[in-house]
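>>> Could you work out the structure for the sequence below:
(one chain, ligands or ions: 1)
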Amino acid sequence: MGEEQKRYLFIGDFDSLLIGLFSKRGEVIWVSSCEEALNQTGIFTLIIMDNDVYTEKISSELSLHYPTSPLIISNGKDKSEHSGSLRYVKFEQLIERQIILQEKLARRELRINDLRKVHEDAKKMLILVHDNPDPDCIASALALRALLKRNKQTAIIGHMGEEVSRPENVAMIEHLDIDLNVISLDDLKEFDSIAMVDVQPPFFGGAITEVDSVIDHHPQVAPYEAKFSEIGPDEGATSTIMTSYLRAAQVEISERLSTALLYGIKTDTVTLNRDANPGDIEAFTYLYPISNLGLLRKIEKAEIPRKEVMWFGKALADHWIEDDIFFVNLGRIDREYLIPKMADFGMQVKGMEWSVAFGIVSKSHLVISVRNVGHVKSAGRVVADLFKEIGSAGGHRSSAKAVIPLNKVRKEIGKGSQEHIKKWVTKLFKNAVAEKSENGKS
Ligand SMILES: [Mn+2]
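Numbers count the residues shown, from 1 in each chain. This is a model prediction of the structure:
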């Protein structure tokens, strides 16, 4: 038995383009009236009726005559007039969605030409990410390298922070064989051009004022010079922007790259749960079938080193709850990844609207990680308003971070003991969150 021949019956006035599309799928019979429709024989895959021809009587006559052929209504005025059991399909809308997508990709392709031009003369370029490399920025850096058709020798991926310690990120780097280099400010002059992904120059606190290109999904907080910049604050991950770039440029996405990008979107949006938009979902859906899900499971299951388990206990020992805000002080800590982890944990505590975790990293910086339930004031804005004058601060609706040099903290509060910092942070957030209920702004 071969595949069943598709047969379509169209009744009424239709665009010949639509009829043409259906005739590519099978036989099309196109009639103008109900009488003609009832004169046909056999079974139809689908009967499509113009809304202007439709009456309840015609529809019941058709279903008597063709009891096994499904009927849908299209064209004409909107569906509101007929009974709920009938399906109304706007074919032109389906096509329009495709047109919009293709337009977007074509426009992106023009942008990609600009981006390539910026870096084309560089013998050796740097793809710089933020000081705490996470899956999103690592995947985006790999994607940029593929987009520019470069390799390990001609496009170095680097950051200026500590060696990566978060177990999942270490596992990602190992399993996907990613060459991530720790570099210093001095090294920058060795490169012919610099690209930033998932970060923007102000993050580096004035240390870098000029850069060749920037691609990021964090909102822009301060002006800077760049020959090319693509800022998509609506996207949940830079990996989403990069996926769309690769698709627009028709660059083949390898399994390794796809797995990295999928993981980038997953972690930055907490599996499409936080700050995700339709673009993230679309990119996710596109990458899912070409990714190595077995490998991804291995990465996500990364084990916490035994000697670090005690940190979890220590961290939680110093927590308090005020006004539905979960606070946790991790004290002096050399594993920065535990700070956002504890902030995430705080949101799992019943009734919490906000979670604030902080600790002193490298004996020199206060790092604060903030989460909220999403339908309250924007975490990114709260953090920026509170700390942008004394440190780097920003983020998204429900997830944000601030890094403040300890000397600035001391200047602000007169002292630098943990008890003082705890009091200060608690008061700042209690006030910032309470302000919301007074003026209702978000
Ligand atoms: Mn990101």
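
>>> Tell me the helix or strand right after the host helix or strand of M172.
Here M172, judged by DSSP states H and E, is contained in helix 167-175. Next along the chain after helix 167-175, taking DSSP H and E as the criterion, comes strand 181-182.

>>> who does that following strand touch, helix- and strand-wise?
strand 155-159 (3 or more CB pairs under 8 Å, 6 or more residues apart in numbering; DSSP states H and E). For the C-beta atoms, the positions are set from N, CA and C on the backbone; glycine is no exception.

>>> what lines up beside the strand it packs on in the sheet?
Applying DSSP bridges to the sheet, strand 155-159 is found paired with strand 125-128 (parallel), strand 181-182 (parallel).

>>> Alpha carbons of the longest one, in PDB - could you do that?
Put plainly, it is strand 125-128. Taking Å, rounded to 0.1, in the frame of the first residue of the first chain, the C-alpha atoms of strand 125-128 are listed here in PDB:
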ATOM      1  CA  MET A 125      41.200  38.700  17.500                       C
ATOM      2  CA  LEU A 126      39.900  38.400  21.100                       C
ATOM      3  CA  ILE A 127      36.400  37.400  22.000                       C
ATOM      4  CA  LEU A 128      36.100  38.700  25.500                       C
END
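
>>> what's the average pLDDT for the helix or strand following it?
Tracing the chain past strand 125-128, the next element assigned as helix or strand by DSSP H and E is helix 135-147. Mean pLDDT, computed over helix 135-147, is 97.

>>> now the angle from helix 135-147 to helix 167-175?
For helix 135-147 against helix 167-175, the angle by axes from the mean of the first three to the mean of the last three CA atoms, to 10 degrees is 30 degrees.

>>> same for helix 135-147, what does it pack against?
With contacts taken as 3+ CB pairs under 8 Å, 6+ apart, helix 135-147 sits against helix 91-119, strand 125-128, strand 155-159, helix 167-175, strand 193-197, helix 238-248, helix 255-268.

>>> Just confirm yes or no for it near the ion.
Yes. Applying CB under 5 Å from the ion, one finds helix 135-147 in contact with the ion at D136.

>>> Check stretch 122-132 too.
No. Applying CB under 5 Å from the ion, one finds stretch 122-132 separated from the ion by no less than 8.7 Å.

>>> what about the closest residue to the ion within the stretch 301-442 of the chain, distance to R274?
Nearest residue of the stretch 301-442 of the chain to the ion (CB to the ion) works out as H396 at 8.8 Å. From H396 over to R274 the distance is 8 Å, taken as CB to CB, to the nearest Å.

>>> And T45, by the same measure?
Note on T45: its distance to R274, by CB to CB, is 42 Å.

>>> re earlier: now mean pLDDT, mean neighbour count and distance to S369 too, for the helices and strands packed on helix 135-147, in CSV please.
Formatted as CSV, the helices and strands packed on helix 135-147 follow (pLDDT from 0 to 100; neighbours: other CB atoms under 10 Å; distance: least, CB to CB, whole Å):
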stretch, mean pLDDT, mean neighbour count, distance to S369
helix 91-119, 90, 13, 32
strand 125-128, 98, 25, 22
strand 155-159, 97, 22, 18
helix 167-175, 93, 19, 15
strand 193-197, 98, 25, 21
helix 238-248, 95, 26, 19
helix 255-268, 96, 25, 14
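
>>> what does the protein put close to the ion?
D136, D198, T238, D268.

>>> Tell me if I'm right that the first one and S239 touch.
Yes. Contact status for D136 versus S239: in contact at 5.3 Å, counting by CB atoms under 8 Å.

>>> what residues are shared contacts of the two?
Counting by CB atoms under 8 Å, 6 or more residues apart in numbering, the common neighbours of D136 and S239 are G264, I265, D268.

>>> So which of the residues you listed is the closest to the ion?
Ranked by distance to the ion (CB to the ion), the shared contacts of D136 and S239 are led by D268 at 4.5 Å.

>>> residues contacting that closest one?
Counted by CB under 8 Å, 6+ apart, D268 has contacts D134, P135, D136, H217, G236, A237, T238, S239, D275.

>>> and if you look at L262?
Remark: with contacts taken as CB under 8 Å, 6+ apart, L262 is in contact with S239, F284, L287, Y288, S291, L296.

>>> is it true that the fifth one touches R256?
No. At 9.1 Å, S291 and R256 do not qualify as touching, with contact defined as CB under 8 Å.

>>> Spatially, what comes nearest to the residue of the chain found nearest the ion if we skip its sequence neighbours?
Per CB to the ion, the residue of the chain with the smallest distance to the ion is D136, at 3.5 Å. Nearest non-adjacent residue to D136, counting by CB to CB, 6 or more residues apart in numbering: G264, 3.9 Å away.

>>> still on that earlier bit, any chance of the helices and strands packed on helix 135-147 in TSV, plus distance to F14?
Putting the helices and strands packed on helix 135-147 into TSV (distance: least, CB to CB, whole Å) gives the following:
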stretch	distance to F14
helix 91-119	9
strand 125-128	52
strand 155-159	52
helix 167-175	52
strand 193-197	48
helix 238-248	32
helix 255-268	40
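
>>> what's the average pLDDT for stretch 23-42?
The pLDDT scores in stretch 23-42 average 94.

>>> buried stuff in it?
Neighbour counts over stretch 23-42 (16 or more other CB atoms under 10 Å) mark V28, W30, V31, C34, A37, Q40 as buried.

>>> so what does the helix or strand where the fifth one lies touch, helix or strand wise?
If I follow you right, that is A37. Secondary structure from DSSP H and E places A37 in helix 34-38. Packing partners of helix 34-38 (3+ CB pairs under 8 Å, 6+ apart): strand 7-11, helix 56-65.

>>> Now a ChimeraX select for only the buried ones of the contacts of L262.
Of those, the buried ones can be selected in ChimeraX as follows, counting by 16+ other CB under 10 Å:
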select :239,284,287,291,296
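
>>> mind listing which of the contacts of L262 are in strands?
Judged by DSSP state E, the contacts of L262 include no members of strands.

>>> related to what we said a few turns ago, among the strands paired with strand 155-159, which comes closest to I208?
Proximity to I208, assessed across the strands paired with strand 155-159 by CB to CB, is greatest for strand 125-128 (8.0 Å).

>>> tell me how far that closest one is from the chain's mean position?
Here strand 125-128 shows a centroid-to-chain-centroid distance of 22 Å under the convention CA atoms, centre = their mean, to the nearest Å.

>>> Need the residues that contact it.
Outside strand 125-128, the residues that touch it by CB under 8 Å, 6+ apart are 119, 141, 144-145, 148, 150, 154-160, 183, 188, 191-197, 199, 208, 211-212.

>>> ok, G232 touching H217?
Yes. Counting by CB under 8 Å, G232 touches H217, with 5.1 Å between them.
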